[in-house]
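*Asks:* need coordinates for the below:
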Amino acid sequence: MAMYDLNILPLHKENSAPQATLRGLHAAAPPRGASRSRKTDQLILLLKFNPPAFSDERLEELMARLTDMYYQKNGSTTSAMRELIQDLNNLILNLNLRHAANRPQVLGSIGVIVLRGEHFFLAQSGLGHMFAMIPGKVDYLHDENASGRGLGTNSNPQIYYAQMPVTTGDKLLFSIQLPEGWDAGSFEYAYTHSFHETHRRFLQDAGEETLEGLFVEITEGKGEVALLRAPAPTTAHGSPQTEAVPTPVLAAQPPAAQPTPIEENAEQEEIEAPTAERPRRRRSERRTQRPTPTPQPEARRAEEPVVDSDPYEDELAEEAAFQAERQQVRKMTAAASEGTLKAMKWLQNAGQSILTGLKKVMQRIIPGDELLKIPTSYMAFIAIAVPLIVVTIGALVYAQVGRNQQYQRYLTQAESVIEMAASESNVAIQHQHYQTALDLIATAEGYVETPEIEVLRQQVQKSIDSLDNVQRLDFQPALANTLASSVQIREMVSTSRDLYMLDINSDSVMRAWLSGTRYQMDSDFRCGAGPYGSLIVDDLIDIALLPENPDGAVLVAVDKGGNLLYCYEDSPPVAVSLIPPDSNWGKIKAITVENERLYVLDEQINMVWYYNADDENFQFRDAPFFFFVEQVPNMQDVIDLAIDREELYLLYLDGHTTTCTFSAMDAAPTTCVEPAEYNDTRTGRESGRTIEGAVFYQIQHTQPPEPSLFYLDPVNRAIYHFSLKLNLVELFQPQIDLEEGPISAFTVNPTRAIFIAQENKVYMAFLP
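*Replies:* Below is the predicted model:
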């Protein structure tokens with residue numbers, strides 16, 4: 001296998017000025033600890049967030065984390081790229097969920113480029129345009145429909161895939177934007193000038209437009225990756241040479257041009273587009289002028305089969321198959337439409353003859369002058385309608401037969417993959433086979449829905465659940481009332497008979513009480529932001545239950561300014577202001593009440609404070625104490641906390657947990673494990689700082705007789721049950737199909753009822 005080096009230059013222009021570096025661009029060669037499947041993969045990432053969601057330091061950490069995750073993945077290149085994008089999407093969704101009330105939603109775009117041996121792979125979600133400059137032409141790899149709106153909008157991001165063989169001297173360009181100034185001349189320049197000169201030309205042709213992208217040169221080497229600083233801009237304007245040069249042809253490369261995976265050695269198709277001035281933004285106009293071709297100094301080698309030709313190992317092949325089938329359906333539809341138009345034209349030309357013949361036939365059937373009583377317009381309608389109905393029925397039958405064929409094809413493939421999974425001893429590969437079968441079943445259902453395919457889907461899902469240790473719970477609507485569509489529930493707490501829900505839209509807490517099998521809303525309950533004497537409570541952050549007390553307060557809520565709101569079932573709320581720490585408040589993220597103490601997490605100033613209750617009514621009037629003494633963990637991006645006796649659990653945005661054991665003794669101060677390790681007890685899974693495929697959003701501690709920790713994964717709509725030592729016990733997921741969208745809050749009550757919310761909808765089930 002040939003080895004290549006990658007030279008990468010950022011294509012970055014801001015305020016009309018070229019920039020030497022580009023924020024969000026990252027490149028890596030395989031590290032020593034890479035999995036066997038990733039030993040030769042050279043990786044390039046380009047991330048873009050709107051609005052910017054991370055500091056420079058955090059963005060570097062995020063890209064390093066994504067890189068490490070990619071190189072630890074086994075399986076096909078495409079599946080590893082897809083899991084990387086899915087993980088980033090989960091993170092952004094979680095971020096949007098956490099900050100829905102106080103900042104705009106973040107949209108993300110990502111381009112993942114991998115060079116593996118002699119093939120390059122692209123996975124793109126959101127904004128991005130890829131050009132591959134190979135001898136004789138420029139392939140434009142882009143599909144707005146397949147790449148979707150980007151990350152952070154849906155739990156299943158749309159991803160556009162492409163791949164092709166490459167060799168020494170090929171150049172790749174990936175850009176977030178598509179400048180108006182780029183035309184055929186810009187790309188022709190790449191064939192006659194050096195890498196750096198061509199880079200300068202692309203910057204110049206972009207004019208004053210903002211430009212964020214990268215330019216790659218593939219050279220013979222040892223598999224090294226060099227991310228270079230762009231050279232200082234020059235005042236001279238480079239121009240293409242005037243003598244005869246090899247002329248590229250910019251051609252659209254839609255997904256359907258990829259090889260069909262059903263035939264193991266199928267070759268890639270080349271589809272050249274009609275001519276136009278330049279690659280346009282609209283999909284229907286992505287073409288450029290085709291100059292007279294000039295003989296190439298070196299003939300391009302024949303197109304090679306795609307890497308990982310096994311259709312069940314490489315999801316890219318499956319995507320190509322789906323796109324090929326979609327193109328085939330379009331051709332079938334076009335054929336049917338063409339036949340209909342021909343029939344209509346024939347009817348128009350022969351209508352009079354048909355009408356004359358029809359009259360002769362009817363004269364034999366209808367005696368006398370009765371025929372004269374039938375209007376001529378009715379006769380004409382009959383003459384046209386009958387053959388038109390025949391043609392239409394024929395077209396529909398033709399289309400339906402095609403859909404049935406595609407359904408049967410994917411059903412057969414799914415059954416074959418299920419057999420492979422059943423005979424596989426490696427749990428990881430078995431899981432991958434079942435997931436592939438599930439994807440094939442979903443594709444088949446897109447053509448025809450049958451009881452047979454539904455039974456097969458349930459069978460495969462049951463097998464996956466068994467491998468993942470998932471228990472399916474029968475979630476049912478918890479509330480007898482319908483909440484307003486504007487309600488956005490972000491926190492919930494519950495007693496054995498009451499449910500409290502924090503609505504960040506109205507900045508208030510709602511109460512529901514158990515009545516029979518469902519909960520009734522309490523319209524008289526008052527607990528929300530507003531003026532309370534000299535205090536103004538605003539922007540409620542979190543809520544916590546209070547133990548039973550003589551005062552009758554059921555819970556406390558905290559706002560961004562450190563004001564506590566005591567709420568009662570039958571009385572108006574009471575607001576008090578906590579004594580702030582000496583450093584004052586930074587950014588309060590969460591509270592909890594345990595051990596007759598109120599714990600307050602302040603992310604911005606990197607502290608956890610606790611207040612001792614000074615009476616049996618849980619009034620926290622005294623100054624706070626700092627939880628830590630010597631070892632203070634980094635609490636940037638901590639999103640939630642839980643307490644079990646002297647043990648503190650800090651949950652971070654990326655899904656890892658830090659544990660700290662409190663001690664009031666100077667000789668043995670508080671200590672932390674940062675990060676703590678999750679023990680994933682499932683067969684074939686690895687323990688580590690995170691759980692593969694999960695991004696946690698909330699954590700809850702439950703009391704004896706079975707003290708446990710429950711973590712919410714909002715994107716996968718799962719609740720993870722851990723022991724206090726972070727040993728994974730099991731997962732809970734809904735048995736029914738909920739509406740599209742993440743879970744926004746959850747809670748477990750003392751009677752083992754579990755509640756989940758999707759914005760204004762609340763569901764309830766019981767733990768086994």
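*Asks:* next, count neighbours for the nearest residue to Y611 once chain neighbours are set aside.
*Replies:* In space, and not counting its chain neighbours, Y611 is closest to F620: 3.8 Å by CB to CB, 6 or more residues apart in numbering. From N, CA and C alone the C-beta is placed, and that goes for glycine too. The local packing of F620 (other CB atoms under 10 Å) involves 22 other residues.
*Asks:* swap in L545?
*Replies:* That count, for L545 with other CB under 10 Å as the rule, works out to 17.
*Asks:* got it, and F120?
*Replies:* 27.
*Asks:* look up how far L6 lies from the closest residue in space to it that isn't next to it in sequence.
*Replies:* Take F120 and drop its neighbours on the chain: the residue closest to it by CB to CB, 6+ apart is V166, 5.0 Å away. Using CB to CB, to the nearest Å, V166 is found at 10 Å from L6.
*Asks:* need the residues touching each of those two.
*Replies:* 115, 218 (CB atoms under 8 Å, 6 or more residues apart in numbering).
*Asks:* which one of those two is surrounded by more residues?
*Replies:* L6 (23 against 20).
*Asks:* which helix or which strand is home to the more buried one?
*Replies:* strand 4-14 (DSSP states H and E).
*Asks:* tell me if I'm right that A694 and N716 touch.
*Replies:* Yes - counting by CB atoms under 8 Å, A694 touches N716, with 6.6 Å between them.
*Asks:* which residues do these two both contact?
*Replies:* N90.
*Asks:* run a quick neighbour tally on K589.
*Replies:* 21.
*Asks:* how is it assigned, secondary-structure-wise?
*Replies:* strand (DSSP: H, G, I helix; E, B strand; the rest coil).
*Asks:* and Y407, by the same measure?
*Replies:* helix.
*Asks:* list the contacts of it.
*Replies:* 444, 447-448, 450, 453.
*Asks:* repeat for N156
*Replies:* Counting by CB under 8 Å, 6+ apart, N156 touches no other residue.
*Asks:* ditto for the one 4 residues further on
*Replies:* Contact partners of Y160, counting by CB under 8 Å, 6+ apart, are 122-125, 142-143, 146-147, 255.
*Asks:* could I get those residues as TSV with secondary structure, neighbour count and pLDDT?
*Replies:* Output for the contacts of Y160, formatted as TSV (DSSP: H, G, I helix; E, B strand; the rest coil; neighbours: other CB atoms under 10 Å; pLDDT from 0 to 100):
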residue	secondary structure	neighbour count	pLDDT
L122	strand	25	94
A123	strand	24	93
Q124	strand	29	93
S125	strand	25	92
H142	coil	24	86
D143	coil	20	82
A146	helix	17	73
S147	helix	23	77
P255	helix	20	37
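*Asks:* now render the residues you listed as JSON lines, adding distance to G533.
*Replies:* JSON lines is the format used below for the contacts of Y160 (distance: CB to CB, whole Å):
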{"residue": "L122", "distance to G533": "61"}
{"residue": "A123", "distance to G533": "57"}
{"residue": "Q124", "distance to G533": "56"}
{"residue": "S125", "distance to G533": "51"}
{"residue": "H142", "distance to G533": "61"}
{"residue": "D143", "distance to G533": "60"}
{"residue": "A146", "distance to G533": "58"}
{"residue": "S147", "distance to G533": "55"}
{"residue": "P255", "distance to G533": "64"}
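*Asks:* going by distance to F710, which of those residues wins?
*Replies:* Distance to F710, by CB to CB, is smallest for S125 among the contacts of Y160, at 30.8 Å.
*Asks:* show me what that closest one is bridged to.
*Replies:* Taking DSSP bridges as the rule, S125 bridges to I110.
*Asks:* residues contacting it?
*Replies:* 85, 89, 108-110, 147-148, 150-151, 157-160.
*Asks:* where does the nearest residue to I176 once chain neighbours are set aside fall, secondary structure wise?
*Replies:* Distances taken as CB to CB, 6+ apart put E212 closest to I176, at 4.4 Å, once the chain neighbours are dropped. Per DSSP H and E, E212 falls inside strand 211-220.
*Asks:* distance from the helix or strand just after that strand to the middle of the chain?
*Replies:* Per DSSP H and E, the first helix or strand lying C-terminal to strand 211-220 is strand 225-227. Mean C-alpha position of strand 225-227 versus that of the full chain (CA atoms, centre = their mean, to the nearest Å) differs by 28 Å.
*Asks:* just for the stretch 351-500 of the chain, where's the confidence low?
*Replies:* 351-402 (pLDDT under 70).
*Asks:* pull out the buried members of the contacts of Y407.
*Replies:* Buried subset of those (neighbour count, 16 or more other CB atoms under 10 Å): 444, 447-448, 453.
*Asks:* now, the contacts of Y407 that are in helices?
*Replies:* 444, 447, 453 (DSSP state H).
*Asks:* now, among the residues you listed, which is nearest to D41?
*Replies:* Using CB to CB, the ones in helices among the contacts of Y407 come closest to D41 at A444, 31.8 Å.
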